Each structure stands twice: as C-alpha cells, then as structure tokens.
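**Student:** return a 3D structure for these sequence lines:
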Amino acid sequence: NNYNYGKYPDIISSLEFERMVNSSGFTSGHIQTEDGRTPKTVGIIHCVGSRDQRNHPYCSQVCCMYSLKFAHLLRDHTNATVYNFYIDMRCVGKGYEEFYDRLLNEGVRFVRGKVANISYNPDEAVKEGKLTVEVEDTLMGQVRQIPMDMIILANGLTSRSDSKDIARKVGISVNKDGFFLESHPKLNPIGTQDQSIYIAGTCSGPKDIPHTVAQASAAAAGVIELLSKDTIALDPITANINSELCSGCQTCISVCPYEAIKYDQITHTSIVNDSLCRGCGTCVGTCPSGAVEGNCFTDKQILSEIEALLSFA
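**Tutor:** This is a model prediction of the structure:
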C-alpha cells in the first residue's frame with residue numbers, strides 16, 4: 001500500500017501506538033522510535049481504510065477523536081511537533097469540539113488533505129526525520145513533503161469476517177458492509193428480525209464507547225421486558241396458506257428466511273408457524289399457485305385500496 005505499513009518499522013497502527021503509550025506496554029509507556037529515540041516530529045493519518053471507495057466508503061466515527069487523543073498524549077509526553085492529516089474533522093459528541101479547540105491551542109498542526117505516499121530516506125539526518133509524507137494541502141492549494149520520525153495510522157473499523165455466517169445461523173440480516181442489520185434505524189435500533197435477538201455496539205456499525213454503552217443499556221432493557229412477561233404478543237401480520245390452492249411444491253419453504261413454513265406429509269400442503277413468521281411477504285410473491293396471502297394484506301384488501309385511490313384520479 002501507499003503507506004508502507006509493515007515495511008518501515010516507524011509506521012505503526014493506532015492499536016500499536018495505544019499499546020506503546022500504555023504503562024504496561026512493551027516500552028513501559030515511553031513513546032519512542034524503533035531505534036529508541038524520542039520522536040521530534042510525528043504524523044497522524046486519519047481515515048485509513050475509511051471513507052475510501054477502494055476499501056470502506058463509510059465513516060468509522062471514532063478515528064478523529066482517538067487521533068486527537070494521540071496528538072494530546074504526544075504533546076504531553078514528548079513535546080513533539082504533531083501533524084494531523086485529515087479529510088474532514090468530525091467531532092460530534094459531547095465536549096468533542098471543545099477538545100478539538102484545546103488541541104489547536106496546544107500547537108497541534110492540522111493539514112487538510114489525503115496523504116498520497118510515505119517514503120523512507122535512511123540517509124537523512126536524524127533531525128530531519130527519515131520518513132517523508134507527501135500530501136496535497138487543500139487549504140494551501142499545494143503539494144507538501146513533510147519529514148517525520150514516526151507515523152501513526154488511524155485505522156477505521158470493519159466488521160467481522162464471519163458476520164454473514166453468524167447472521168445466517170441465528171436468522172438475522174447483515175448490510176453490505178457486514179454489520180448486523182437492526183429492525184429499524186430510528187424506532188428500534190437494538191432489535192433485529194428475530195424478536196429474541198438484540199444487538200449492541202460495533203456489531204451493528206462503527207460507534208464510540210458512549211454510544212455503545214447507551215445501546216447496550218437499551219438492549220438489556222429490551223431483554224428484561226421480553227423475559228418479564230408471562231405471554232408474548234405476536235405480530236398479526238403473518239402469512240396464510242390456503243390448503244385448497246396449495247399444490248405442495250414447497251417453493252415457499254425454500255425461500256422463507258425464518259424457517260417458518262413446514263411441509264405436512266399427511267395433507268401434502270405447506271403450513272405456516274405463526275410464532276416464527278415475520279410477515280416479510282417473500283413466500284406470498286414466490287408461490288406459483290397463489291395459495292399464500294399475507295394477513296392484513298390480502299389480494300382483496302390491496303385491490304380495494306387501489307380502486308379507492310383510482311376513484312380520486
């Protein structure tokens with residue numbers, strides 16, 4: 001890649017820097033380069049892997065703020081010159097914008113532009129830095145080459161590689177990026193297609209710790225509400241199979257995402273389990289004999305609605 005991570009030792013990931021600055025880390029909390037020097041110039045590259053059509057087009061939400069935290073720690077521990085290379089600063093949480101203003105007053109330098117390349121110059125003097133960042137400064141309108149002692153990559157968040165397999169096993173959905181899909185992004189952000197499964201945290205998408213804690217509390221409350229009832233009210237919108245029209249082709253069974261339809265060997269027809277059905281309508285549109293209808297959405301009801309609409313035309 002253009003950032004040469006893994007090739008040059010002083011280009012590190014955000015997790016590696018987090019471990020370095022930790023008092024129990026491999027340097028006992030001392031910020032240093034591979035050869036043991038205290039860095040004089042450090043660059044932090046935002047949006048590595050995020051907001052990029054070649055990788056992940058979405059914003060990872062946490063990168064800006066932990067990059068600002070790193071900049072503050074670097075200034076506090078080493079007094080190094082710190083550059084933040086960013087596309088846009090997204091400080092939307094409580095007190096986040098104030099922390100950004102604090103960093104500006106601490107002398108942290110911000111360069112708006114996407115880093116194009118990082119080169120290595122082993123023969124350069126130590127005072128100039130061995131790493132050179134090439135970046136287009138969009139505010140200045142020119143390409144800059146800035147020497148660095150250390151580069152920190154602000155990695156974005158990605159979904160688990162096996163999230164689709166997990167979703168298939170438990171009967172819920174994932175979006176195109178591999179994150180578990182909520183029942184409704186606003187009305188039910190912690191529910192899923194299965195009423196007994198709740199999601200919280202970054203399994204449903206990138207988010208910071210406060211949002212994760214709030215979502216986890218909501219999920220716990222949802223579980224308590226579910227378990228505290230003696231009976232569970234089912235959604236009335238389910239599928240209904242007319243046994244007189246059903247030919248027993250079992251097409252509906254193969255397309256049902258909730259495994260709510262079974263084949264009756266005695267009547268040679270399909271039967272819907274109302275406790276499992278979620279009324280998605282997949283079987284209604286798939287049945288070749290037209291034997292399946294959705295409760296509250298029958299053909300007669302839909303046609304009546306269409307006729308009522310046409311009467312106003």
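**Student:** does Ala71 count as helix, strand or coil?
**Tutor:** helix (DSSP: H, G, I helix; E, B strand; the rest coil).
**Student:** for it, give its distance to Gly191.
**Tutor:** Here Ala71 is placed at a distance of 38 Å from Gly191 (CB to CB, to the nearest Å). Placement of C-beta: from N, CA and C, glycine included.
**Student:** which of those two has more residues huddled nearby?
**Tutor:** Taking other CB atoms under 10 Å, Ala71 and Gly191 do not tie; Ala71 has more neighbours (23 against 19).
**Student:** which parts of the chain are strands?
**Tutor:** Taking DSSP state E, the strands of the chain run over residues 11-13, 41-48, 81-86, 109-112, 115-120, 131-137, 142-148, 150-155, 239-241, 261-264, 269-272, 292-294.
**Student:** would JSON lines of those with mean pLDDT and distance to Val255 be doable?
**Tutor:** Formatted as JSON lines, these follow (pLDDT from 0 to 100; distance: least, CB to CB, whole Å):
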{"stretch": "strand 11-13", "mean pLDDT": "95", "distance to Val255": "43"}
{"stretch": "strand 41-48", "mean pLDDT": "95", "distance to Val255": "40"}
{"stretch": "strand 81-86", "mean pLDDT": "96", "distance to Val255": "46"}
{"stretch": "strand 109-112", "mean pLDDT": "96", "distance to Val255": "50"}
{"stretch": "strand 115-120", "mean pLDDT": "90", "distance to Val255": "47"}
{"stretch": "strand 131-137", "mean pLDDT": "92", "distance to Val255": "50"}
{"stretch": "strand 142-148", "mean pLDDT": "92", "distance to Val255": "55"}
{"stretch": "strand 150-155", "mean pLDDT": "95", "distance to Val255": "39"}
{"stretch": "strand 239-241", "mean pLDDT": "91", "distance to Val255": "11"}
{"stretch": "strand 261-264", "mean pLDDT": "93", "distance to Val255": "9"}
{"stretch": "strand 269-272", "mean pLDDT": "93", "distance to Val255": "11"}
{"stretch": "strand 292-294", "mean pLDDT": "90", "distance to Val255": "11"}
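**Student:** what would those strands look like in TSV with mean neighbour count?
**Tutor:** Below are the strands of the chain laid out as TSV (neighbours: other CB atoms under 10 Å):
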stretch	mean neighbour count
strand 11-13	19
strand 41-48	25
strand 81-86	23
strand 109-112	18
strand 115-120	16
strand 131-137	18
strand 142-148	15
strand 150-155	26
strand 239-241	20
strand 261-264	16
strand 269-272	19
strand 292-294	21
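**Student:** any chance of TSV for those strands, columns distance to Ile232?
**Tutor:** Shown next, in TSV, are the strands of the chain (distance: least, CB to CB, whole Å):
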stretch	distance to Ile232
strand 11-13	46
strand 41-48	44
strand 81-86	49
strand 109-112	53
strand 115-120	53
strand 131-137	57
strand 142-148	59
strand 150-155	42
strand 239-241	19
strand 261-264	20
strand 269-272	18
strand 292-294	21
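**Student:** go through those and name the closest to Thr33.
**Tutor:** The minimum distance between Thr33 and those falls on strand 150-155, with 5.7 Å, by CB to CB.
**Student:** now for the closest one, which elements pack on it?
**Tutor:** strand 11-13, helix 14-21, strand 41-48, helix 63-77, strand 131-137 (3 or more CB pairs under 8 Å, 6 or more residues apart in numbering; DSSP states H and E).
**Student:** what's the closest of those to Val108?
**Tutor:** Nearest to Val108, of the helices and strands packed on strand 150-155 and by CB to CB, is helix 63-77 at 4.6 Å.
**Student:** pLDDT weak spots in the stretch 51-200 of the chain?
**Tutor:** Screening the stretch 51-200 of the chain residue by residue with the criterion pLDDT under 70, one finds the ranges 122-129.
**Student:** again, only this time at 50
**Tutor:** Scanning the stretch 51-200 of the chain for pLDDT under 50 picks out the ranges 125-126.
**Student:** ok, back up a step: of the strands of the chain, which is nearest His30?
**Tutor:** strand 150-155 (12.7 Å).
**Student:** list the strands paired with the closest one, with their directions.
**Tutor:** strand 11-13 (parallel), strand 41-48 (parallel) (DSSP bridges).
**Student:** contacting residues around it?
**Tutor:** Contacts with strand 150-155, where a contact means CB atoms under 8 Å, 6 or more residues apart in numbering, come from 3, 5, 10-15, 17, 33, 39, 41-49, 63-64, 66-67, 70, 118, 131, 133.
**Student:** pretty sure Ile166 contacts Ser159?
**Tutor:** No: the pair Ile166 / Ser159 is not scored as a contact, 10.3 Å apart, by CB atoms under 8 Å.
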